[in-house]
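Student: generate a structure from the sequence data that follows.
(one chain, ligands or ions: 2)
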Amino acid sequence: MSNIPELFGTMVFNDDAMRSRLPADVYAALRCTIEQGSDLEQWVAVAVAAAMKDWAIEKGATHYTHWFQPLNGFTAEKHDSFIAPAGDGRIIMDFSVKELIKGESDASSFPSGGLRATFEARGYTAWDPTRFAFIKDSTLCIPTLFFAYSGDALDKKTPLLRSIEAVSREALRALHLFGNEDVHKVIPTVGAEQEYFLVDKKYYSRRRDLIYCGRTLFGAPPPKGQQMDDHYYGAIKSRITAFMAELDRELWKLGILAKTEHNEAAPAQHELAPIYTNINTATDHNQLTMETMKKVADRHGLVCLLHEKPFAGVNGSGKHNNWSLSTDTGLNLLDPGKSPQENAQFLLFLAAIIKAVDKHQDLLRLSVASAGNDHRLGAGEAPPAIISCFIGDDLEKVVDAIVRGEIFDGVKKVPMEIGVHGLPSFSKDTTDRNRTSPFAFTGNKFEFRSLGASASIADPNIVLNTIVADELSAFSDILEKADNFSATLNELIRKTFREHNRIIFNGDGYSEQWIAEARLRGLLNIRTTADAIPYYSTEENIDLFARHHVFNREEILSRAEILLETYAKVIHIEAVTMTEMARQEIIPTIVRYADRLASAICHKRQANPNIPCRTENAVLEHLSSLLDSFYEKLTALELAVANVPKDCYDNQRVANAYKDKVVPAMQSLRRVADELESNVDSSLWPYPTYGDLLFGI
Ligand code: ADP
Ligand code: MG
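Tutor: Ligands and ions are numbered 1, 2, ... in the order given. Predicted coordinates for the structure are as follows:
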C-alpha cells in the first residue's frame, strides 16, 4: 500500500473509528471521559465494547488481550480468543463489556516488590479509556492499568497518569494567575528518540552473551571503530533501508508518528525519532516501537539490540526524552513567547523546572538507573551521571541578568521588571549545540538525555511531572496570596534563579574538570544504580510523591526493592554467562591452539633438531601465561559470585556485593579474554568478532 495517509492508524480504534462506529450519544459521552476524565457509564462501555469487537473482527483479529506495563519494564499480554459456545456445538465471536473494562490475572510472576500480600496474589487490569485500543498480531490490545487487590499500582502507567494529573493541576493554577482562564487542561508532551543497534542474526546466534544478556561480555576491539565518524548520518545500507521502510509502515499502522530515521555515531547503530505526542500515548508508543523493531529485524535476518551498551569501546544506546507542557488551547508553555506576559509566564515555568531539577537530582538520576545504563552514564559518550541543566548562552544571559536585578537586552543593561521587557528570541541554533548535557533546553522543550535505550520512558516522566508539579504548586501558594502580583513574581523568579543557579552548566559535560567543578558546586555524582536506589525511599521523596498522590509509601518501597532485585539479577546472569563461556569455550579454544603450537614445535624438531622455533615458542609462552592469568581471574569471578550473600533479605547488601565485587571481577576477566582473542588463530576463536558484528551487514 503506497498511500500512507490511508495506511496510518489502520490498526487503531482511534477517534475516527469511534466516531464512525459509535452512536452519537455514546461517542459524545466517551469523549467526555477521555477529555475531562468524567466517569464512564455502563451503557457507554457496553456500546464501546460491541463496536470495538466488530471493528477488530473486521480487521482480522481473533483474540483480545488486556495490554499492560508491569514493573519488569516490558509490556504484558494474555490472549483470549473471542470464541464462545453458541449452545448448538457452534461458536459465536463474543466480547462483553466486562471483558473490556476489567481483567483478573494471576500476577504472581510479575515483580511486585512485596506489594502483593500472600493472601491475594491476583492482580487486576482496568481499561484506560484515554488510550486507543489497537490490533497487533491478530489480537485486539486494550491498554490497561495494572494494580493489586489493595489498589496499589503494580505497573508503570498508573503512577504516570497520576503524575500527569498532578502537573496539569499545578500548571493550571499558575496559568490562571496570569489570567489564562480559557485553559482547562495542561498536557505534558514527549517525543522519545530511540537508538538501537542492528546485527546479523547469523552472528548473534553464535554468541551466548548476546543471547542471554543482550550485550557482548567479551570482544577485542576491531582495528576500526567509530573514530572516523563516518557512520553518523552516513548513507544507509540497502538491508537497513529495507528494515527501516518496513518498520515505518508497521509503526504507521499502529498510529505511531515515526518521522526520522538515520544512522547514529557507532557503526551498526541507528535512531528513530517520532513526532511528539501526549506522554500517555508516547509511553505506549515507545514500548510498541521497541517491540516492533525487534520483530521487523527478525524478518530481515537481523537482531535489534536495545541494550544500553552492547559493545565496549563503542558508543552505547540511549533515548532522548523531549518533554514540554502544552495547553488544551494549543500553547507550548516552554516556548518563550513574544509578548511580555508570555515571557514572564515562561520564566516562571523555567524557574520551576530549574529548581525542580536542582532539588531532585537524585530522583532524576534514579529514574534512569539500570545495570545497563551504568555503563553509559559518565563514560564520555552519554551524559555524565551528574545531573545538570543546559539552557544555552542567550537564556543564561537572561538568567544572569535577572539574578543581578537587570534585564539583558543584548546591548545595554536596564533595570529588570519581568513582564515589561521582552526576551530575546531563542533560535534553535543557540540552544541545541551542547550534546553533553543530561538535561538541555532546546528552544521550546527540555531534552532529558540520560535515559537508557531499553527503559520504559514512564519512570523519568513520572519524576519530571511530579517534581515540576511540586515547584509550581509552591510558587502558586506564594503568588495566590500576593498583594502585588508583579512585584512578587519578579522577586520569586529572581530568588529561584539565584538559589538554583548551580544546576545550570553550559560547558562540556564529558570533561574531567566538570566532575571536579560539580563537586565544588555540591551536585550529586551517583555512579551506579546500587548507589542511586537508597535515594528513592528518603522521607523527603516519599512525602513528595505522596503529596501529589503519585506513589504511596508502599508503592515506593516496593519499587526500590524491584530495582535492587533486577540489578542483582542482571549482573548475576552476566557473570554466570561469562564463566560458562570462559570454561566451555574460551579455555578449550586456547588449549587447542596451544596444542597445535606445541605439536608444530615437536614436528619441526623431529625434522631438524637444530631449527630453533623461536616464534612458536614465544607465542606458546605468551599464550600460556595469558591462559594462567585468565584462569586466575575466572576463579576470582566465580568466588565473587559464590560470596554474594544468599537467602538475604537485605537486597541492598546483595546489590552492593554485585557492584563492588562481581562487576570488577568481570572487568578483569574480560581484559585478559580480549587479549587472548587478539593472540589466537582467528579460525579457532569460537565467536564472531566485533568486526563481524559491527561491520558485517
Ligand atoms: P532534532 O533534535 O533532531 O533537531 P527536534 O528538536 O525537532 O529534532 O525534535 C526532537 C524530538 O523532540 C522529536 O521527537 C520532536 O517531535 C520532539 N519535540 C518537538 N517539540 C516538542 C514538544 N513541544 N514537546 C515534546 N517533544 C517535542
Ligand atoms: Mg535529541
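Student: and the residue in the stretch 501-650 of the chain positioned nearest to ligand 1, helix, strand or coil?
Tutor: Closest contact between the stretch 501-650 of the chain and ligand 1, by CB to the nearest ligand atom, is at residue 509 (17.0 Å). (Glycine included, C-beta is placed from N, CA and C.) Put simply, residue 509 is coil when judged by DSSP: H, G, I helix; E, B strand; the rest coil.
Student: what's the pLDDT at it?
Tutor: For residue 509, the model assigns a pLDDT of 90.
Student: leaving out chain neighbours, which residue sits closest to it?
Tutor: Among residues not flanking residue 509 along the chain, residue 436 sits closest, at 3.5 Å (CB to CB, 6 or more residues apart in numbering).
Student: wait, a helix at the one you found?
Tutor: No. Residue 436: not assigned to a helix; according to three-state DSSP it is coil.
Student: heads up, I number from 26, so please use that
Tutor: In the new count, where the first residue is 26, that last one comes out as residue 461.
Student: so it makes contact with residue 411?
Tutor: No. Residue 461 is beyond contact range of residue 411, at 10.9 Å (criterion: CB atoms under 8 Å).
Student: show me the shaky parts of the chain.
Tutor: Regions of the chain meeting the criterion pLDDT under 70 cover residues 26-27, 131-133, 141-146, 253, 258, 432-458.
Student: point to the residue nearest the middle of it.
Tutor: Taking CA atoms, centre = their mean, the centroid of the chain lies closest to residue 480, which sits 3.3 Å from it.
Student: can I assume that one sits in a strand?
Tutor: No. Residue 480: not assigned to a strand; according to three-state DSSP it is coil.
Student: and it, how close does it get to residue 547?
Tutor: 28 Å (CB to CB, to the nearest Å).
Student: tell me the residues of the stretch 226-375 of the chain that contact ligand 1?
Tutor: 298-301, 347-349, 357 (CB under 6 Å from any ligand atom).
Student: just the buried subset of the residues you listed, written out for PyMOL, thanks.
Tutor: Here is the PyMOL command that picks out the buried ones among those, judged by 16 or more other CB atoms under 10 Å:
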select buried, resi 298+299+301+347+348+349
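Student: list just the nearest of the residues of the stretch 226-375 of the chain next to ligand 1 to residue 495.
Tutor: residue 348 (15.8 Å; CB to CB).
Student: and the closest one, helix, strand or coil?
Tutor: strand.
Student: can you report phi and psi for whatever residue of the chain ends up closest to ligand 2?
Tutor: Nearest residue of the chain to ligand 2 (CB to the ion) works out as residue 345 at 3.8 Å. Main-chain torsions, residue 345, degrees, to the nearest 10: phi -100, psi 120.
Student: which non-adjacent residue is nearest it?
Tutor: residue 218 (4.1 Å).
Student: now do the contacts for that neighbour.
Tutor: Residue 218 sits next to 296-298, 344-345, 347 when contact means CB atoms under 8 Å, 6 or more residues apart in numbering.
Student: can you rerun that using 7 Å?
Tutor: Contacts for residue 218 (CB atoms under 7 Å, 6 or more residues apart in numbering) come out as 296, 298, 344-345.
Student: over to residue 370?
Tutor: residue 203.
Student: swap in residue 611?
Tutor: With CB under 7 Å, 6+ apart, residue 611 has these contacts: 698, 701.
Student: wait, which of the residues of the stretch 226-375 of the chain next to ligand 1 is closest to residue 681?
Tutor: Using CB to CB, these come closest to residue 681 at residue 348, 32.4 Å.
Student: quick one: that closest one and residue 469 touch, right?
Tutor: No. If you go by CB atoms under 7 Å, residue 348 and residue 469 don't touch, sitting 11.0 Å apart.
Student: residue 314: neighbour count?
Tutor: 21 (other CB atoms under 10 Å).
Student: an error on my part: the question was meant for residue 514.
Tutor: 24.
Student: returning to that earlier point: out of the residues of the stretch 226-375 of the chain next to ligand 1, which is nearest to residue 110?
Tutor: Nearest to residue 110 among these, with distances taken as CB to CB, is residue 299, at 43.0 Å.
Student: which strand or helix spans the residue of the chain found nearest ligand 1?
Tutor: Relative to ligand 1, the nearest point of the chain is residue 216 (2.4 Å; CB to the nearest ligand atom). In this structure, residue 216 sits in strand 211-225 according to DSSP states H and E.
Student: do residue 646 as well
Tutor: Going by DSSP H and E, residue 646 is in helix 639-667.
Student: same question, residue 361
Tutor: Applying DSSP H and E, one finds residue 361 in no helix or strand.
Student: same deal with the one 5 residues further on?
Tutor: Here residue 366 is covered by helix 365-384, with elements defined by DSSP H and E.
Student: touching, residue 188 and residue 575? I think so.
Tutor: Yes. The pair residue 188 / residue 575 is scored as a contact, 4.9 Å apart, by CB under 7 Å.
Student: identify the contacts common to those two.
Tutor: 487, 491.
Student: can you tell me the element residue 313 falls in?
Tutor: helix 304-324.
Student: let me redo that: residue 344
Tutor: strand 343-352.
Student: tell me who's in contact with residue 398.
Tutor: 333, 477.
Student: what comes into contact with stretch 178-194?
Tutor: With CB under 7 Å, 6+ apart, stretch 178-194 has contacts from 93-96, 132, 135, 137, 140, 148, 153, 170-173, 210-213, 304-305, 308, 481, 483-484, 486-487, 490-491, 493-494, 573-576, 580.
Student: would it count as contacting ligand 1?
Tutor: No. Against ligand 1, stretch 178-194 shows no contacts by CB under 6 Å from any ligand atom, the least distance being 13.3 Å.
Student: okay, that stretch in PDB with CA atoms only?
Tutor: Provided in PDB are the C-alpha atoms of stretch 178-194 (Å, rounded to 0.1, in the frame of the first residue of the first chain):
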ATOM      1  CA  ALA A 178      -0.200   0.200  41.500                       C
ATOM      2  CA  LEU A 179       1.700  -2.700  40.100                       C
ATOM      3  CA  ASP A 180       2.600  -1.100  36.800                       C
ATOM      4  CA  LYS A 181       4.300   1.900  35.200                       C
ATOM      5  CA  LYS A 182       1.200   3.500  33.800                       C
ATOM      6  CA  THR A 183      -0.900   4.200  36.900                       C
ATOM      7  CA  PRO A 184       1.700   6.500  38.500                       C
ATOM      8  CA  LEU A 185       2.300   8.100  35.200                       C
ATOM      9  CA  LEU A 186      -1.300   9.000  34.800                       C
ATOM     10  CA  ARG A 187      -1.300  10.300  38.400                       C
ATOM     11  CA  SER A 188       1.700  12.400  37.700                       C
ATOM     12  CA  ILE A 189       0.100  13.800  34.500                       C
ATOM     13  CA  GLU A 190      -2.900  14.900  36.600                       C
ATOM     14  CA  ALA A 191      -0.600  16.500  39.200                       C
ATOM     15  CA  VAL A 192       1.400  18.600  36.700                       C
ATOM     16  CA  SER A 193      -1.700  19.500  34.800                       C
ATOM     17  CA  ARG A 194      -3.500  20.700  38.000                       C
END
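Student: all strands for the stretch 376-525 of the chain, in order.
Tutor: 414-415, 431-433, 438-440, 464-466, 471-477 (DSSP state E, counting those that start in this stretch).
Student: how about those strands, which one is nearest residue 228?
Tutor: The closest of these to residue 228 is strand 471-477. By CB to CB, the value is 23.4 Å.
Student: that closest one: how far from the chain's middle?
Tutor: 8 Å (CA atoms, centre = their mean, to the nearest Å).
Student: show me what from the stretch 276-425 of the chain comes close to ligand 2.
Tutor: By the rule CB under 5 Å from the ion, the part of the stretch 276-425 of the chain lying against ligand 2 is residue 345.
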